[in-house]
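**Student:** Take a look and give me a structure for this.
(one chain, ligands or ions: 1)
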Amino acid sequence: MKGYIVLENGEVFPGKFMGEPPADLFGEAVFFTGMTGYQEVATDPSYRGQIVVFTYPLIGNYGVHPDKDQSEEWQPRALIMGECAEDGYHYRSEETLANQAENAGIPILTDVDTRALVKQIRTMGAMGAVVTTNTEHVVWEDYQPPGDQLLVQEVSTNEIQTYGTGDIHIVLLDFGHKKAMVESLCEHGAKVTVVPYDTDVSTIQALDPDGLLLSNGPGNPKQLQAQLPKIKAVVSQYPTFAICLGHQLIALAFGGDTVKLKFGHRGANQPVIDKRTGRVDMTAQNHSYVVDGQSLDGTELEVTHVNINDDSVEGLAHQRLPIVTVQYHPEANPGPEDSHHLFNNIFHMIEKEKEVTLHA
Ligand SMILES: NC(=O)CC[C@H](N)C(=O)O
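**Tutor:** Numbering: from 1, shown residues only. Presented below is the predicted three-dimensional model:
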């Protein structure tokens, strides 16, 4: 059935719905530039509420893999692509991207001129959009900009969950984590306890963690203003590693600021330099907001990593406390695994802390 994606600025891009056409669906239109990784994108909670446009023209062609889902749900409002392979290569199941989308109730709009659409978003900036069968009757009042919604509530775990059996205990504050984060920690010999994003300090203390991980998550970090004092208090007590939304929250908690990028970074080839070593990693990214480097003047946070394309802040370290953060995704899934080594940081920090306590 014929369908459209209509941008907030009035631009209309026709396409075809796979399966049943949905009722009008609103979201922020963003684009993902990776050549692979559609399944991980579809299940990454950071994409909650967004309409994701794939720049790679053929999506779904290598099928879906049961182990690759990053959460239990499909997260974006809709997926927009040039061509969707209806019968992708089958791994261990008969599932394809198209029938998973149908089961999840998430529409796929295909046959779209994604190049023209992405050029529009790049030029005008990320903006509201609707997928619809009827361009005449769009009621824009139904669109709630992403900055107005507390999306983290929808994706954070409701109950405390434990994974792995390792000797080092990491508590993961769940703002909408990707499963690959838990898997990466467990591979490094951790036991991981995932807790709701608003868990209070005494509950975290009672779990007796060796270290903390603050996860990725959807939306504007400033929506979590109310959590900042608690975040500051708890990360000041344990070695902490923070990724993406977690990184932004650490910056806000310690007196820095965040700003919105024009169209964000979403893809698998963002080059990031570690200023201390000169090492460059190709990184997986998915974010709209960044830490404003200038806002860190006078704080105890130092910029450790920078994006080579646009000089934006990609990593921070606290000058006094064992806290390190990155804006990008060392857990990959999708994307390159160059920066997987960053997971070692948290274990090194924990070891160092233990030595200090032992010799105190
Ligand atoms: N992947 C993430 O954690 C994204 C962080 C935040 N929602 C942003 O868009 O900037």
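
**Student:** Would you map out the domains in the protein?
**Tutor:** 2-144, 152-359 (automatic domain parsing).

**Student:** Can you add mean pLDDT, distance to the ligand and mean neighbour count and give the ones you listed back as JSON lines?
**Tutor:** Heads up, the C-betas are built off the backbone N, CA and C, glycines and all. Shown next, in JSON lines, are those (pLDDT from 0 to 100; distance: least, C-beta to the nearest ligand atom, whole Å; neighbours: other C-beta atoms under 10 Å):
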{"stretch": "domain 2-144", "mean pLDDT": "93", "distance to the ligand": "3", "mean neighbour count": "18"}
{"stretch": "domain 152-359", "mean pLDDT": "97", "distance to the ligand": "3", "mean neighbour count": "19"}
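
**Student:** how about the strands of the stretch 51-200 of the chain, start to end?
**Tutor:** Assigned by DSSP state E, counting those that start in this stretch, the strands in the stretch 51-200 of the chain fall at 58-59, 78-80, 83-84, 108-110, 127-132, 161-163, 168-174, 190-196.

**Student:** I'd like to know which of those strands is closest to Gly19.
**Tutor:** Comparing these against Gly19 with C-beta to C-beta, the closest turns out to be strand 108-110 (7.7 Å).

**Student:** which residue is nearest the middle of the chain?
**Tutor:** Nearest to the geometric centre of the chain sits Ser46, at 3.8 Å (C-alpha atoms, centre = their mean).

**Student:** Three-state assignment for that residue, please.
**Tutor:** helix (DSSP: H, G, I helix; E, B strand; the rest coil).

**Student:** That one and Tyr289 touch, don't they?
**Tutor:** No: between Ser46 and Tyr289 there is no contact under C-beta atoms under 8 Å: 10.9 Å.

**Student:** follow-up on the earlier one: mind putting the strands of the stretch 51-200 of the chain into CSV with distance to Thr277?
**Tutor:** Formatted as CSV, the strands of the stretch 51-200 of the chain follow (distance: least, C-beta to C-beta, whole Å):
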stretch, distance to Thr277
strand 58-59, 36
strand 78-80, 38
strand 83-84, 42
strand 108-110, 42
strand 127-132, 38
strand 161-163, 31
strand 168-174, 25
strand 190-196, 25
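
**Student:** So which of those strands is nearest Gly264?
**Tutor:** Nearest to Gly264, of all the strands of the stretch 51-200 of the chain, is strand 127-132, at 11.7 Å by C-beta to C-beta.

**Student:** And Lys2, how far from Trp140?
**Tutor:** 21 Å (C-beta to C-beta, to the nearest Å).

**Student:** give me the element the residue lying closest to Asp274 once chain neighbours are set aside is part of.
**Tutor:** Closest residue in space to Asp274, ignoring its immediate chain neighbours: His305 at 5.5 Å, by C-beta to C-beta, 6 or more residues apart in numbering. Element membership for His305 (DSSP states H and E) is strand 301-307.

**Student:** packing partners for that strand?
**Tutor:** strand 258-274, strand 313-318 (3 or more C-beta pairs under 8 Å, 6 or more residues apart in numbering; DSSP states H and E).

**Student:** ok, and what's touching the last one?
**Tutor:** If I follow you right, that is strand 313-318. Contacting residues not belonging to strand 313-318 are listed as 247, 250-251, 254, 272, 274, 283, 290-293, 296, 300-307, 323-328 [C-beta atoms under 8 Å, 6 or more residues apart in numbering].

**Student:** hmm, try it at 7 Å
**Tutor:** Contacting residues not belonging to strand 313-318 are listed as 247, 250-251, 272, 290-291, 293, 300-307, 324-328 [C-beta atoms under 7 Å, 6 or more residues apart in numbering].

**Student:** what's the offset of the next helix-or-strand element following it from the middle of its chain?
**Tutor:** Using DSSP H and E, the next helix or strand after strand 313-318 towards the C-terminus is strand 323-326. For strand 323-326, the gap between its own C-alpha mean and the chain's C-alpha mean amounts to 16 Å (C-alpha atoms, centre = their mean, to the nearest Å).

**Student:** strands paired with strand 323-326, and their directions?
**Tutor:** Here strand 323-326 is paired, per DSSP bridges, with strand 240-243 (parallel), strand 313-318 (antiparallel).

**Student:** With distance to Asn216 added, can I get those in a markdown table?
**Tutor:** Putting the strands paired with strand 323-326 into a markdown table (distance: least, C-beta to C-beta, whole Å) gives the following:
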| stretch | distance to Asn216 |
| --- | --- |
| strand 240-243 | 5 |
| strand 313-318 | 14 |
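
**Student:** Just tell me which of those strands ends up closest to Val12.
**Tutor:** Short answer: strand 313-318, nearest of the strands paired with strand 323-326 by C-beta to C-beta, at 35.9 Å.

**Student:** chain center to that closest one, what's the gap?
**Tutor:** Distance, stretch centre to chain centre, for strand 313-318: 17 Å (C-alpha atoms, centre = their mean).

**Student:** now stretch 153-169
**Tutor:** The chain centre lies 18 Å from the centre of stretch 153-169; the measure is C-alpha atoms, centre = their mean.
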